[in-house]
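A.B. asks: no sequence on this one, just coordinates:
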């Protein structure tokens, strides 16, 4: 079933209440199930990073095409596309990589956020 381009797909709501750690485990388990870790082998960190970079590049391409940043559209086969979808893919890749490597990403995000609160306004004189 292909939704209309201006419609959003309806997904079961049971996954919506998961925390980051639960998403991390579920996303990695799906990647394993779908064959991205053959024979339980670890993927090289460089491969994880390259795939993450590819998703960022796909988001950049959606931006360059001039699609509105909040617009999701659908291919004929029903696959969602657009800038928001590519940003979701970036997060999915990060969560998969973290779980594969054994990083408690929720813990590290909290740690880094608490530290970032101590930084001065535009620390380091950076413009962006």
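C.D. replies: Sure thing, it's come through. Computed from a predicted structure; not experimentally measured. Residues are numbered from 1 along each chain as shown.
A.B. asks: only C-alpha atoms for contact and neighbour calcs from this point on.
C.D. replies: Fine.
A.B. asks: and the strands in this protein?
C.D. replies: Taking DSSP state E as the criterion, the chain contains strands spanning 73-74, 80-81.
A.B. asks: can you put the ones you listed in JSON lines and add distance to residue 110, mean neighbour count and mean pLDDT?
C.D. replies: What follows is those, written out as JSON lines (distance: least, CA to CA, whole Å; neighbours: other CA atoms under 10 Å; pLDDT from 0 to 100):
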{"stretch": "strand 73-74", "distance to residue 110": "33", "mean neighbour count": "20", "mean pLDDT": "96"}
{"stretch": "strand 80-81", "distance to residue 110": "30", "mean neighbour count": "18", "mean pLDDT": "97"}
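A.B. asks: reformat those strands as a markdown table; add distance to residue 22.
C.D. replies: Written out in a markdown table, the entries for those read as follows (distance: least, CA to CA, whole Å):
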| stretch | distance to residue 22 |
| --- | --- |
| strand 73-74 | 27 |
| strand 80-81 | 23 |
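A.B. asks: just the pLDDT for the residue positioned nearest the centre of the chain.
C.D. replies: Averaging the C-alpha coordinates of the chain gives a centre point, and the residue nearest to it by CA atoms, centre = their mean is residue 91 (1.8 Å). We note a pLDDT of 97 for residue 91 in this prediction.
A.B. asks: from residue 59, how far off is residue 28?
C.D. replies: Summarising the geometry, the distance separating residue 28 from residue 59, computed by CA to CA, to the nearest Å, is 22 Å.
A.B. asks: shaky segments in the chain?
C.D. replies: Scanning the chain for pLDDT under 70 picks out 1-16, 128.
A.B. asks: please redo it, this time with the cut-off set to 80
C.D. replies: Segments of the chain classed as low confidence (criterion: pLDDT under 80) are 1-17, 124-128.
A.B. asks: quick one: contacts for the residue of it positioned farthest from its centre?
C.D. replies: What lies farthest from the middle of the chain is residue 125; by CA atoms, centre = their mean that is 29.1 Å. Residue 125 sits next to no residue when contact means CA atoms under 8 Å, 6 or more residues apart in numbering.
A.B. asks: before we move on, what about residue 23?
C.D. replies: When the contact criterion is CA under 8 Å, 6+ apart, the partners of residue 23 are residue 95.
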